[in-house]
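J.: one predicted model, sequence on top.
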Amino acid sequence: MDTNTIMGTPSNIKDIKHKMYFRGRVVKTTLAGALVDIGMEIPGMVHISQLQKEPVKRVEDVIHEGDEVDVWVRRVSPKKNRIELTMIKPLGLEWGEIKKDMVVSGKVIRLEKFGAFVDIGAERPGLVHISEMTHDYIHAPSDIVKEGDVIEVKVLEVIKPKKQIKLSMKALQDKPEDVVKTVLEKTEKKEQHGREKEKESEQSEEVKEVPVPTAMEMALREAMERKGIDNVNEPIDKKKKRKSTETNPELEVIFSRTLKTRSQK
């Protein structure tokens, strides 16, 4: 949360932080400013220069004793037991707080042919040059943003002497070549997955083609093994065929006797 809007009542002066917000009551006015009760053991001091942005000749022209006012902490010194306050809302970002590569949100407040000015809470708005809006070509900044839009930007450079802040929207976007690379990688993974599935399917079909002996065939083989019959592993149908073509001596003797008996009759 922005420290500009933090509300609270710290237990002691050591808990008070810079930019902390208080709703206080004016307990006394002086030529130099006003004392404001913010719920601490000691009141905070608002200097006359911190009553408002415009110049003030007399404190009573702005506030009076008993008034409730919004104040923010400018400085705090626990050792000196001193709290300095301001009635001017602090900036969201001081110059010393703005760093290169930091990402902030801001509101587009003005469009120009060369870019867009964005309020990021600093003393001055930052500029997003038209070349820093997108990786694609655009005719005008209005092709991308309009006044009032809240956008996310990256700080490219801070020029304090000139009080300039250069911002970029493009720096937070994926480069076209990176997007293409990502798409190609996803396509390659998908194709590879398809090839693996197809290979698994082919292997499964090969397994299905291997003949599996039936229970009767397995029992017959075991019986034949116990009797010492050769070629146990030979397919049953081939054995039957071969057996039918082999000569049985006993059958030949019976057949011979039958023919002899018939001839005697």
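T.: Received it, and whenever you're ready, just let me know what you need.
J.: please parse the protein into its domains.
T.: For the chain, automatic domain parsing gives the domain ranges 3-86, 95-172.
J.: tell me which of those domains sits nearest to L220.
T.: Closest approach to L220 among these (C-beta to C-beta): domain 95-172, 76.6 Å. From N, CA and C alone the C-beta is placed, and that goes for glycine too.
J.: hmm, back to that, take the domains of the chain and write them to a markdown table, including distance to K190, mean neighbour count and mean pLDDT.
T.: Converted to a markdown table, these look like this (distance: least, C-beta to C-beta, whole Å; neighbours: other C-beta atoms under 10 Å; pLDDT from 0 to 100):
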| stretch | distance to K190 | mean neighbour count | mean pLDDT |
| --- | --- | --- | --- |
| domain 3-86 | 49 | 15 | 90 |
| domain 95-172 | 26 | 16 | 95 |
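J.: now the helices: where do they sit in the stretch 51-200 of the chain?
T.: Assigned by DSSP state H, counting those that start in this stretch, the stretch 51-200 of the chain shows helices spanning 176-209.
J.: okay, and the nearest residue to V36 once chain neighbours are set aside sits in which element?
T.: Distances taken as C-beta to C-beta, 6 or more residues apart in numbering put G24 closest to V36, at 4.1 Å, once the chain neighbours are dropped. Element membership for G24 (DSSP states H and E) is strand 21-29.
J.: show me the contacts for E132.
T.: By C-beta atoms under 8 Å, 6 or more residues apart in numbering, E132 lies in contact with 115, 156, 166-171.
J.: ugh, wrong one, I meant T30
T.: By C-beta under 8 Å, 6+ apart, the contact list for T30 reads V59.
J.: now I144
T.: Contacts of I144 (C-beta under 8 Å, 6+ apart): 133-134, 138, 169.
J.: return the member of the residues you listed nearest to P10.
T.: The closest of the contacts of I144, once distances to P10 are taken by C-beta to C-beta, is M169, at 39.0 Å.
J.: right, and the closest one touches I151 too?
T.: Yes - in this structure, M169 is within contact of I151 by C-beta atoms under 8 Å, at 6.3 Å.
J.: adding distance to E200, write the domains of the chain out as JSON lines.
T.: Shown next, in JSON lines, are those (distance: least, C-beta to C-beta, whole Å):
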{"stretch": "domain 3-86", "distance to E200": "60"}
{"stretch": "domain 95-172", "distance to E200": "41"}
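J.: which stretch among the ones you listed comes nearest Q192?
T.: domain 95-172 (29.5 Å).
J.: start to end distance for that closest one?
T.: 22 Å (C-alpha to C-alpha, to the nearest Å).
J.: list the contacts for the closest residue in space to V59 that isn't next to it in sequence?
T.: Closest residue to V59 apart from its sequence neighbours, by C-beta to C-beta, 6+ apart: T29 at 4.8 Å. Residues in contact with T29 (C-beta under 8 Å, 6+ apart) are 35, 59-60, 63-65.
J.: if you set the cut-off to 7 Å instead, what comes out?
T.: Counting by C-beta atoms under 7 Å, 6 or more residues apart in numbering, T29 makes contact with 59-60, 63-65.
J.: redo those as CSV? Include distance to P10.
T.: Below are the contacts of T29 laid out as CSV (distance: C-beta to C-beta, whole Å):
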residue, distance to P10
V59, 26
E60, 30
I63, 23
H64, 27
E65, 24
